[in-house]
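S.K.: just a sequence and a predicted model for now, questions to come.
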Amino acid sequence: GENVEQHPSTLSVQEGDSAVIKCTYSDSASNYFPWYKQELGKRPQLIIDIRSNVGEKKDQRIAVTLNKTAKHFSLHITETQPEDSAVYFCAASNDMRFGAGTRLTVKP
Amino acid sequence: DAGVTQSPTHLIKTRGQQVTLRCSPKSGHDTVSWYQQALGQGPQFIFQYYEEEERQRGNFPDRFSGHQFPNYSSELNVNALLLGDSALYLCASEGYNEQFFGPGTRLTVL
C-alpha cells in the first residue's frame, strides 16, 4: 500500500510570509493528490488537489506542485493570514493514505 | 457542508460493546470511504464502498465491518470495542472526481 510522509509537523510563520509543506509518497501508481485543511473540532476541508498529468496547480494564494519522478508534492501558501492557521493534511491515492499533518500557525 | 451527513454526532460506549455509525453521501455520489482519526493524528483509511461492495480496505482488523445500501448510504460497524477505538470517525462521499468529508462521529470507549 501507499506510504505518505509529511514535513514539517509544525510550522510557524509571520503574517504575510509564505508557507510550504512537503509530502512524499511511495506508490508510483498514485495519481491523485489532495490537500486538506482541518480546523480544530471540524472536518477536513479540501483546499486544492492535483492529478498526475499536471505539474502545478494554483488557486489564488494556494498552489500545489507535483514531481512524479521524485514522488513528492508540495503545498504553497502565499501572503499568509491568521485565518490560515490550522492543521494541513496531504493525501495520495489509490487508497487515500494521509500524511500525519502539519500544524500551521500564522502570527499576526 | 456539501450535503454529507453522519449520525450520531457523539457516542459513548464501554469496552466489548458494538457500535454502528451511519453516513449519507452527497446527492449524486456513489462511493463512501470511512476513516478513523485519533486525536492529533491524520485520518486513517478503514475501507471504501462502491456499488454495495467493499472495494478497498486499509489495515484494520475484522472487527471493523461495513455496508452500503442501494441508496449509497453506508454503515460502519465495530465489534468488541477497545479503548483504542476512541476516535473521530469520518466518512467521505466521493463522485464526479470530488470528495467531501462528513462532520464525523466522535466515539468514546470507556
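M.R.: Great, that's in hand.

S.K.: what helix or strand is B:Gly66 on?
M.R.: Using DSSP states H and E, B:Gly66 maps to strand B:64-68.

S.K.: paired strands for the helix or strand just after that strand, with orientation please.
M.R.: Toward the C-terminus, strand B:64-68 is succeeded by strand B:74-78 as the next helix or strand (DSSP H and E). In the sheet, strand B:74-78 lines up against strand B:19-24 (antiparallel), strand B:64-68 (antiparallel) (DSSP bridges).

S.K.: got these as JSON lines, with mean neighbour count, mean pLDDT and distance to B:Thr105 columns?
M.R.: The way it works is simple: take the backbone N, C-alpha and C, and place the C-beta from them, glycine included. Output for those, formatted as JSON lines (neighbours: other Cβ atoms under 10 Å in any protein chain shown; pLDDT from 0 to 100; distance: least, Cβ to Cβ, whole Å):
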{"stretch": "strand B:19-24", "mean neighbour count": "20", "mean pLDDT": "98", "distance to B:Thr105": "5"}
{"stretch": "strand B:64-68", "mean neighbour count": "19", "mean pLDDT": "97", "distance to B:Thr105": "14"}
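
S.K.: chain B contacts on chain A?
M.R.: A:1, A:6, A:34, A:36, A:42-46, A:89, A:94-101 (Cβ under 8 Å from any Cβ of the partner chain).

S.K.: how about the residue nearest the centre of chain B, nearest residue that isn't a chain neighbour?
M.R.: Closest to where the C-alpha atoms of chain B average out (Cα atoms, centre = their mean) is B:Trp34, at 3.6 Å. In space, and not counting its chain neighbours, B:Trp34 is closest to B:Ile46: 4.2 Å by Cβ to Cβ, 6 or more residues apart in numbering or on different chains.

S.K.: count the neighbours of residue 42 for me.
M.R.: Chain wasn't specified; assuming chain A. Neighbour count for A:Lys42, taken as other Cβ atoms under 10 Å in any protein chain shown: 12.

S.K.: ah, no, chain B please
M.R.: 23.

S.K.: could you pick out the longest strand of chain B?
M.R.: As assigned by DSSP state E, the longest strand anywhere in chain B is strand B:87-95.

S.K.: quick one: contacts of that strand?
M.R.: Strand B:87-95 is contacted from outside by A:43-44, A:96, B:2-4, B:6, B:21, B:23, B:25-26, B:28-39, B:43, B:48, B:74, B:76, B:99-102, B:104-107, using Cβ atoms under 8 Å, 6 or more residues apart in numbering or on different chains.

S.K.: of all the residues in chain B, which ones are close to chain A?
M.R.: B:33, B:35, B:41-45, B:48, B:56, B:58-59, B:90, B:92, B:98-104.

S.K.: for chain A, what helix or strand is lowest in average pLDDT?
M.R.: Within chain A, confidence by mean pLDDT, DSSP states H and E is lowest for strand A:97-98 among all helices and strands, at a mean of 86.
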